[in-house]
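[1] please find the sequence and the predicted model below.
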Amino acid sequence: YAYATYAVNYNGVTYGDPSLFRTGSTYSSILDVNGTMDQSVWESKGFYQVDKDGDGRNFEFSTFKLTHKGYISYAKQGPNIYTPDNLFVLPGKTIGIDMNLDFMVYPTGTTAAFCRDKYSILISTDSITLTNCDQAAVLDSLTFSYPAGVTTVPDSLRFVERSIAIPQEYNHSKVWIAVRHHQNTKQALFIEKIKLY
């Protein structure tokens with residue numbers, strides 16, 4: 001980048017010497033959590049939750065398959081059947097330009113019949129709440145499904161890891177981003193990774 005100082009008075013404009021600077025090749029993420037981090041690290045980031053369906057059950061910290069740490073939202077747990085509409089919300093963050101969101105989510109069922117959960121990634125310039133969450137823009141959405149003949153779903157098909165660009169309209173804005181587990185649900189949805197950079 002090039003810049004110069006200048007002064008203006010009744011005699012005109014006077015410019016200082018041009019200066020140059022270059023940004024670094026690496027930079028820090030605004031937020032970065034993943035499945036190797038303990039609950040205290042996730043909690044320190046200030047996530048909050050919205051129980052849209054009002055059943056008192058929301059995302060909770062869990063360890064999946066003994067090694068994957070993150071947050072889970074249940075549609076079924078033991079004999080209990082839920083109809084979840086739960087939101088896991090990143091606290092408001094002021095972002096720059098050319099920002100990206102990486103995330104990893106997946107259903108916890110092991111058979112195709114129990115991997116029908118749906119997620120959506122939401123974004124808003126207002127804090128996402130119970131009353132306004134339906135007005136948030138949808139950046140990504142998926143109802144998990146699998147090809148005919150697949151009965152047992154391997155992790156390679158089940159784990160969804162994506163990187164999506166934050167639309168330019170949010171440049172230089174404070175935004176709230178949420179993972180929503182809703183509508184088509186069968187067993188549970190697990191969030192293992194969220195990175196905003």
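    Ah, there it is.
[2] going by C-alpha atoms from here, please, whenever you check contacts or count neighbours.
    Will do.
[3] quick one: low-confidence ranges for this structure?
    Applying pLDDT under 70 to the chain flags no residue at all.
[4] mind naming the longest helix for it?
    helix 39-44 (DSSP state H).
[5] how far off centre is that one?
    15 Å (C-alpha atoms, centre = their mean, to the nearest Å).
[6] which elements pack onto it?
    In terms of contacts (3 or more C-alpha pairs under 8 Å, 6 or more residues apart in numbering; DSSP states H and E), helix 39-44 is packed against strand 68-74.
[7] pull up the pairing partners for the very next helix or strand once past the strand it packs on, direction included.
    Going down the chain from strand 68-74, the next helix or strand is strand 76-77, by DSSP states H and E. Paired strands of strand 76-77, with direction, are strand 80-81 (antiparallel) (DSSP bridges).
[8] next helix or strand past the strand it pairs with?
    Taking DSSP H and E, what comes next after strand 80-81 is strand 86-94.
[9] what segments of this protein are helices?
    Ranges of helices in the chain, per DSSP H, are 39-44, 155-158.
[10] same list (the ones you listed) but as a markdown table, adding distance to residue 26.
    Shown next, in a markdown table, are the helices of the chain (distance: least, C-alpha to C-alpha, whole Å):
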| stretch | distance to residue 26 |
| --- | --- |
| helix 39-44 | 23 |
| helix 155-158 | 30 |
